[in-house]
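Student: coordinates for the following, if possible.
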Amino acid sequence: MSNQKNRIQKKLVTKGAPAPAANIPRLPGVSVIIPMYNSQRYIRTCLMSVLNQTFRELEVICVDDCSTDDTVKIVIEMAQQDRRIRLVRHMKNSGAASEPRNTGMRMSRGKYIAFLDSDDMYTPTALAELIEVGEKFHADVVHTEQVYFPENQVIDVTPQTKFTTFSKEKGGFCKEPMLETDNLAQRVQMFYQGRFFGWVHNKLYRRDFIMERNLRFDNLLTSEDIVFYFKVVCTAPRIVRVPNIIYIYRHNPNSITRKMVSIEASLHALTHLMIEGSKVLDDFMSGFEFFVKNPNYRQLPIDYIIQQHLIWTQRFYDKYSPAQLEGLVRKELGKYCGDFVPFFSYLYSAIHSYRQRLINYDKEVKELRAKVAALPAAK
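Tutor: Okay, the predicted model is just below:
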């Protein structure tokens, strides 16, 4: 693993123009879809990481969601040097990544589809590694478990940047490619248990599968990628899990999740997710005989998605007493459904439960540190 990290650090940022894209076929092997909004700080190195892939037969579809900075200017400049870049501009800002991703999928021509956020990067052999597995296993989805994360939350990555690995997957990591079960009950349980974490950008998808199932991103304020990936997990005939780490996740303080700077904004997103996300998932699951006959499985995905949102935004709730929190929750829910007690009880209990779990966790960490500090020093 250390040798792999060293190779990545040496090749991560290539100075100058990308290598010439000679003999690019009419239909590319993979379409890399990059949604963009005010990404001028990141987009050049993001695109370079794609254009310098060892797998050359690709197209990059950059979908701009009405940027007000120099993002488009940079992409146009780079597209003049490499005809594999295609720029699409939305006429109206959609406010999230869902619509740009949907636009990119509609315009894609590759055998495979990959999603890359405009503030992130690929390792040099990322696409070659995933496509090799996809071809070998005839996979509809190639699922990676971990990403690289720059140490000390560095934003501007250089060849000298050091990396650590990061994952939100539960249940351990595979050591070699493995074909996942096609049993829907087992897959839903695995999703709920965190075994299929729903980042969409560190995976590879067969385009025909996406189009045949008419899979699209829903217009949600948050967690739209996890909702999308739940649909993938339920419909993909062949999902292959791999140990490869191919994605570099950069810390961006302006990401949508980190821009939730108040408990009001967080509660608004959470309430929208609980109500609108529930509708989206319920409509989707209504088309499956399995979920109709097994209603106990229907609540699992929305429970899981709300839990993930709470983990990201828990910092807001620590500042309020239970009584204050109750008032804020009731006020936000009232905008949607008045004083509808079941929704209120669910949301409040979920927030309170996660806050208590974090309090207990912090307590255990402090106790463990105290025990370690009390140990006699090694001679």
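
Student: all contacts plus neighbour counts: C-alpha atoms, from now on.
Tutor: Fine.

Student: ok, Asp303 - contacts?
Tutor: Tyr192 (CA atoms under 8 Å, 6 or more residues apart in numbering).

Student: look at it and report its pLDDT.
Tutor: Turning to Asp303, the model gives it a pLDDT of 83.

Student: in which helix or strand would I find it?
Tutor: When elements are assigned from DSSP states H and E, Asp303 belongs to helix 299-317.

Student: hmm, Arg84 is touching Arg56, no?
Tutor: No - counting by CA atoms under 8 Å, Arg84 sits too far from Arg56 to count as a contact (9.4 Å).

Student: all helices of the stretch 51-200 of the chain, in order?
Tutor: Ranges of helices within the stretch 51-200 of the chain are 71-79, 98-107, 126-137, 184-192, based on DSSP state H, counting those that start in this stretch.

Student: tell me the most buried of these?
Tutor: A comparison of the helices of the stretch 51-200 of the chain by mean neighbour count, using mean count of other CA atoms under 10 Å, puts helix 98-107 on top with a mean of 20.

Student: average model confidence for that helix?
Tutor: Helix 98-107 comes out with an average pLDDT of 97.

Student: then stretch 166-173?
Tutor: Here the average pLDDT along stretch 166-173 is 88.

Student: quote the end-to-end distance of it.
Tutor: Distance across stretch 166-173, first residue to last, is 12 Å (CA to CA, to the nearest Å).

Student: list the buried residues of it.
Tutor: Glu169 (16 or more other CA atoms under 10 Å).

Student: same check on stretch 102-122?
Tutor: Those would be 102-105, 108-122, for stretch 102-122 by 16+ other CA under 10 Å.

Student: redo the helices of the stretch 51-200 of the chain as a markdown table? Include distance to Val147.
Tutor: Shown next, in a markdown table, are those (distance: least, CA to CA, whole Å):
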| stretch | distance to Val147 |
| --- | --- |
| helix 71-79 | 25 |
| helix 98-107 | 21 |
| helix 126-137 | 11 |
| helix 184-192 | 19 |
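
Student: relative to Arg206, which of the ones you listed is closest?
Tutor: Of all the helices of the stretch 51-200 of the chain, helix 126-137 sits nearest to Arg206, with 8.1 Å by CA to CA.

Student: Provide a list of residues in contact with the residue lying closest to Gly194 once chain neighbours are set aside.
Tutor: Leaving aside its sequence neighbours, Gly194 sits nearest to Lys170 (CA to CA, 6 or more residues apart in numbering; 5.1 Å). Contacts for Lys170 (CA under 8 Å, 6+ apart) come out as Gln193, Gly194, Arg195.

Student: tell me the most packed of those residues, by neighbour count.
Tutor: Neighbour counts for the contacts of Lys170, by other CA atoms under 10 Å, peak at Arg195, which reaches 18 neighbours.

Student: how much space separates the residue nearest to Gly194 from Leu58?
Tutor: Lys170 is 32 Å from Leu58, by CA to CA.

Student: ok, now Asp65?
Tutor: Counting by CA to CA, the gap from Asp65 to Leu58 is 22 Å.

Student: in terms of neighbours, single out the busier of these two.
Tutor: Taking neighbours as other CA under 10 Å, Asp65 and Leu58 compare with Leu58 leading, 27 against 23.

Student: beta partners for the more buried one?
Tutor: Listed by DSSP bridges, the beta-bridge partners for Leu58 are Val30.

Student: give the contact list for it.
Tutor: Here Leu58 is in contact with Ile24, Pro28, Gly29, Val30, Ser31, Val32, Arg84, Gly110 (CA under 8 Å, 6+ apart).

Student: filter those down to the buried ones, ChimeraX style.
Tutor: Only the buried members of those end up in this ChimeraX selection, burial being decided by 16+ other CA under 10 Å:
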select :28,29,30,31,32,84,110
